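[1] this one's sequence-less:
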């Protein structure tokens, strides 16, 4: 059981589900609990490691942060020898359209250990770059052999919400259009308008998929644009003629 990797501690891989994490934790705690293993001096340590692993991986936010730490440790490679600095990892946020048309970035590193002051690197992001792409820029003296590792992420907010290479956006239509169906347009990731086919009788909140209008994929091609339809339901209220007391008596059979 490894204390350095929570997945190893639970005997799982990184693709495991929350249910698998819970099941493995319960099974292993029961197996290694000090009440069961009186003769094992490290039983308490094992259970503490299981508790830590379960608390980290069963919480989606803590698990995401832990996965990022694992990714950074992998990109940095094995521990650097004496006198060599570890790599510097940094996430950089790009606008949606910059993944498609490319971008020029200036990366400045202010490392107190650098006697020469601020390090400046120019990074050319080529067109059709996928989200989560990584770029490694070698550092100069006195950090020869180490790198500045930049990982690209989609800037949150705005018109689109990115999830991997897919994009989500909203389209508000009229109730008449929802009833009859037809065609509407929405701005696409590249700036041009994209046609969306609305089926007749579409429900509020329905998600329509436009294939190939998302962000670039790591292995080529594009993700999809997912369009959520919203509209205001028409509600008409009318008033009837005021009834007299005799009318009410007739209705009640009096």
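    Ah, there it is. Just so you know, these numbers come straight off a predicted model, no measurement behind them. Numbering: from 1, shown residues only.

[2] my read is that residue 102 contacts residue 133, right?
    No - contact criterion CB atoms under 8 Å: residue 102 and residue 133 do not qualify, at 11.7 Å. C-betas here are computed from N, CA, C, even on glycine.

[3] give me the beta-bridge partners of the spatially most central residue of the chain?
    Nearest to the mean C-alpha position of the chain, by CA atoms, centre = their mean, lies residue 163 at 5.2 Å. In this structure, residue 163 bridges to residue 166 when assessed by DSSP bridges.

[4] circling back: so what sits against both of residue 102 and residue 133?
    Shared contacts of residue 102 and residue 133 (CB atoms under 8 Å, 6 or more residues apart in numbering): residue 125.

[5] what's the domain layout of this structure?
    Taking automatic domain parsing as the reference, the chain has its domains at 6-75, 85-154, 161-230.

[6] sketch out the low-pLDDT regions of the stretch 51-200 of the chain for me.
    Applying pLDDT under 70 to the stretch 51-200 of the chain flags the ranges 74-85.

[7] what about 50?
    79-84 (pLDDT under 50).

[8] what ranges do the helices span in it?
    60-76, 96-101, 175-180 (DSSP state H, counting those that start in this stretch).

[9] just put those in JSON lines and tack on distance to residue 51.
    Below are those laid out as JSON lines (distance: least, CB to CB, whole Å):
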{"stretch": "helix 60-76", "distance to residue 51": "13"}
{"stretch": "helix 96-101", "distance to residue 51": "41"}
{"stretch": "helix 175-180", "distance to residue 51": "52"}
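
[10] hey, where'd the strands end up in the chain?
    88-94, 103-109, 119-125, 134-138, 147-154, 161-163, 166-172, 182-187, 193-198, 207-210, 225-230 (DSSP state E).

[11] right, and the ones you listed - which one's nearest residue 52?
    strand 88-94 (23.5 Å; CB to CB).

[12] hmm, who's touching that closest one?
    By CB under 8 Å, 6+ apart, the list of residues contacting strand 88-94 from outside reads 72, 75-76, 103, 105, 107, 109, 111, 125, 139, 146-156.

[13] ditto for stretch 191-210
    Taking CB under 8 Å, 6+ apart as the rule, stretch 191-210 contacts 97, 168, 171, 173, 177-188, 213, 224-231, 233.

[14] taking these, please make a ChimeraX selection of just the buried ones.
    In ChimeraX, a selection of the buried entries from the contacts of stretch 191-210 looks like this (16 or more other CB atoms under 10 Å):
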select :168,171,173,177,178,184,186,188,213,224,225,226,227,229,231
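
[15] the strands of the chain: which one's closest to residue 22?
    strand 161-163 (25.1 Å).

[16] packing partners for that closest one?
    The contact analysis (3 or more CB pairs under 8 Å, 6 or more residues apart in numbering; DSSP states H and E) places strand 161-163 against strand 166-172.

[17] helices or strands up against the strand it packs on?
    strand 161-163, strand 182-187, strand 225-230.

[18] let's see that with 6 Å instead.
    Packing partners of strand 166-172 (3 or more CB pairs under 6 Å, 6 or more residues apart in numbering; DSSP states H and E): strand 225-230.

[19] what angle sits between the strand it packs on and strand 182-187?
    120 degrees (axes from the mean of the first three to the mean of the last three CA atoms, to 10 degrees).

[20] strand partners of strand 225-230, parallel vs antiparallel please.
    strand 166-172 (parallel), strand 207-210 (antiparallel).

[21] pLDDT of that strand, averaged?
    Summarised as a single mean, pLDDT over strand 225-230 is 96.

[22] chain center to that strand: distance?
    18 Å (CA atoms, centre = their mean, to the nearest Å).

[23] which residues touch it?
    167-172, 196, 202, 206-210, 213-214 (CB atoms under 6 Å, 6 or more residues apart in numbering).
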